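*Asks:* Output the structure for:
(chains A and B)
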Protein chains: 2
Amino acid sequence: MNPPRRFSLELPAWVDELCVDPERSYAPEERMALAVELSARNVRAGSGGPFGAAVFEQQSGRLIAPGVNLVVSSNCTLAHAEVVALMLAQQALGTWDLGSREHDYELVASTEPCVQCFGAVHWAGLAGLVCGARDEDARAIGFDEGPKRDDWPACLEASGVTVTRDVQREAARAVLLAYQADGGPIYNAGHDDD
Amino acid sequence: MNPPRRFSLELPAWVDELCVDPERSYAPEERMALAVELSARNVRAGSGGPFGAAVFEQQSGRLIAPGVNLVVSSNCTLAHAEVVALMLAQQALGTWDLGSREHDYELVASTEPCVQCFGAVHWAGLAGLVCGARDEDARAIGFDEGPKRDDWPACLEASGVTVTRDVQREAARAVLLAYQADGGPIYNAGHDDD
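*Replies:* Residues are numbered from 1 along each chain as shown, chains lettered A, B, ... in the order given. Sure, this is the predicted structure:
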């Protein structure tokens, strides 16, 4: 077997149904509603874990890229919802630095980022991060957020990323609880909780 | 513009020249030599920053996937060398959990991981992480490792990932210094150093 040279990842087709109008302007509350709906539908469709996210143009509310957790379906531990949304947004905008463009961009995520997504948010050039459910809501159903610094919101703020927490937290948490109640798999690779 | 649905990323063609024999067994010192050579050639070829990495089968030394920094060329802040190698390795092995297979796998990286790659290493199911240059060697030429915990090696060890540091550090560091001397771009998205 020769070493592979190409990696690719694709959103499930059902995501298009939720994002039909590219000109739509999402109000702030509609942005989190979309992230939570992505998390819920991802479970129902069997395409991944109960996590959704999306990158928006901050002022206009235009959707740049949605994301859902695709870890298991794409064989990729990087493919958390936040990372998928960021990779697609940077590709759509043709830049690795979302902070270099005319507009500001924010990532809206149904659950607070794990250690990996915290790092990804740090590098992406975002102006804002908006979170629904809390770390402890994810941990409560068995997901591990990894060895993330306790002061992660302050770290992001210090690098210019405004962090907004607890937005529609109960709606986001309800998706996590439903996932647990249905016996959804908890995938923490290769090791026990830290 | 409709939101994008697909992300893809491809190693530069020159990587094939370095990895011609899929049956080759790399001795431990040859593994870091490959990571460092990837970092040096990535700069010379103009395909990215001075960072290389590769995933190996730990016992046999078989190369599973190489990786180089492709942040600028692929418009993706996720595309650090470590992440590229991990994504390709998981795809090659057909699993998101490198800890679930018959063999153990290690990631050999020319420089210690930034905050994002630390998180990615945490989730990948690796048995080992082997590093060349230190965080401070990257910072010394202007690259920012991000708000990573000071106790990151202990965190990885606690989750079952053996961390080996300072392997061929001077050779790895020499590539960083040459990059700086040649005026290579330092890309830290959207914000100043932390």
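*Asks:* Now do the strands in chain A.
*Replies:* Here chain A has its strands, by DSSP state E, at A:6-10, A:52-57, A:63-68, A:105-111, A:128-133, A:162-164.
*Asks:* Could you save those strands as CSV and add columns showing mean neighbour count and distance to B:L88?
*Replies:* From N, CA and C alone the C-beta is placed, and that goes for glycine too. CSV is the format used below for these (neighbours: other C-beta atoms under 10 Å in any protein chain shown; distance: least, C-beta to C-beta, whole Å):
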stretch, mean neighbour count, distance to B:L88
strand A:6-10, 17, 6
strand A:52-57, 30, 24
strand A:63-68, 28, 20
strand A:105-111, 30, 25
strand A:128-133, 26, 28
strand A:162-164, 15, 32
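*Asks:* Include distance to B:G128 when you put those strands into a markdown table, please.
*Replies:* Converted to a markdown table, the strands of chain A look like this (distance: least, C-beta to C-beta, whole Å):
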| stretch | distance to B:G128 |
| --- | --- |
| strand A:6-10 | 22 |
| strand A:52-57 | 31 |
| strand A:63-68 | 30 |
| strand A:105-111 | 30 |
| strand A:128-133 | 32 |
| strand A:162-164 | 34 |
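*Asks:* longest helix of chain A?
*Replies:* Counting residues, the longest helix in chain A under DSSP state H turns out to be helix A:28-44.
*Asks:* Mind listing residues that contact the worst-scoring helix or strand of chain A on mean pLDDT?
*Replies:* When the helices and strands of chain A are scored by mean pLDDT, DSSP states H and E, helix A:15-18 comes last with a mean of 91. For helix A:15-18, contacts defined as C-beta atoms under 8 Å, 6 or more residues apart in numbering or on different chains pick out A:L34, A:E37, A:L38, A:R41, A:P66, A:V68, B:R5.
*Asks:* Skipping adjacent residues, who's closest to the third one in space?
*Replies:* Residue nearest to A:L38 in three dimensions, not counting chain neighbours: A:G52, with 2.8 Å by C-beta to C-beta, 6 or more residues apart in numbering or on different chains.
*Asks:* ok now do that neighbour, which residues does it touch?
*Replies:* So A:G52 contacts A:34-42, A:66-69, A:81, A:109-110 (C-beta under 8 Å, 6+ apart).
*Asks:* which among these gets closest to A:D144?
*Replies:* Among these, A:N69 lies closest to A:D144 (C-beta to C-beta), at 13.9 Å.
*Asks:* For chain A, give me the ranges with low pLDDT.
*Replies:* A:1, A:188-194 (pLDDT under 70).
*Asks:* From chain B, how far out is the spatially most central residue of it?
*Replies:* Nearest residue to the geometric centre of chain A (C-alpha atoms, centre = their mean): A:E82, 2.6 Å. Distance, A:E82 to chain B, using C-beta to the nearest C-beta, to the nearest Å: 10 Å.
*Asks:* so that residue sits right up against A:P113, yeah?
*Replies:* Yes: using C-beta atoms under 8 Å, A:E82 is in contact with A:P113, at 5.7 Å.
*Asks:* Pull up the overlap in contacts between these two.
*Replies:* Common neighbours of A:E82 and A:P113 (C-beta under 8 Å, 6+ apart) are A:A120, A:V121.
*Asks:* and which of the contacts of A:G52 is nearest to chain B?
*Replies:* The nearest member of the contacts of A:G52 to chain B, counting by C-beta to the nearest C-beta, is A:P66 at 5.9 Å.
*Asks:* Quick check: chain neighbours aside, which residue is closest to that closest one?
*Replies:* A:P66 sits nearest to A:A54 (C-beta to C-beta, 6+ apart), 4.6 Å away.
*Asks:* need the contact list for the one you found.
*Replies:* With C-beta under 8 Å, 6+ apart, A:A54 has these contacts: A:R31, A:L34, A:A35, A:L38, A:L63, A:I64, A:A65, A:P66, A:G67, A:A85, A:L107, A:V108.
*Asks:* again, 6 Å this time
*Replies:* Neighbouring residues of A:A54 by C-beta atoms under 6 Å, 6 or more residues apart in numbering or on different chains: A:L34, A:A35, A:P66, A:A85, A:V108.
*Asks:* Of those residues, which pair is most distant in space?
*Replies:* Applying C-beta to C-beta across the contacts of A:A54, the maximum distance is between A:L34 and A:A85, 10.8 Å.
*Asks:* The two: which is more packed in?
*Replies:* A direct count of neighbours by other C-beta atoms under 10 Å in any protein chain shown for A:L34 and A:A85 places A:A85 higher, at 31 against 22.
*Asks:* The more buried one against A:G67, yeah?
*Replies:* Yes: here A:A85 reaches A:G67: they are 2.9 Å apart, a contact under C-beta atoms under 6 Å.
*Asks:* any residues in contact with both of these two?
*Replies:* With C-beta under 6 Å, 6+ apart as the test, A:A85 and A:G67 both reach A:A53.
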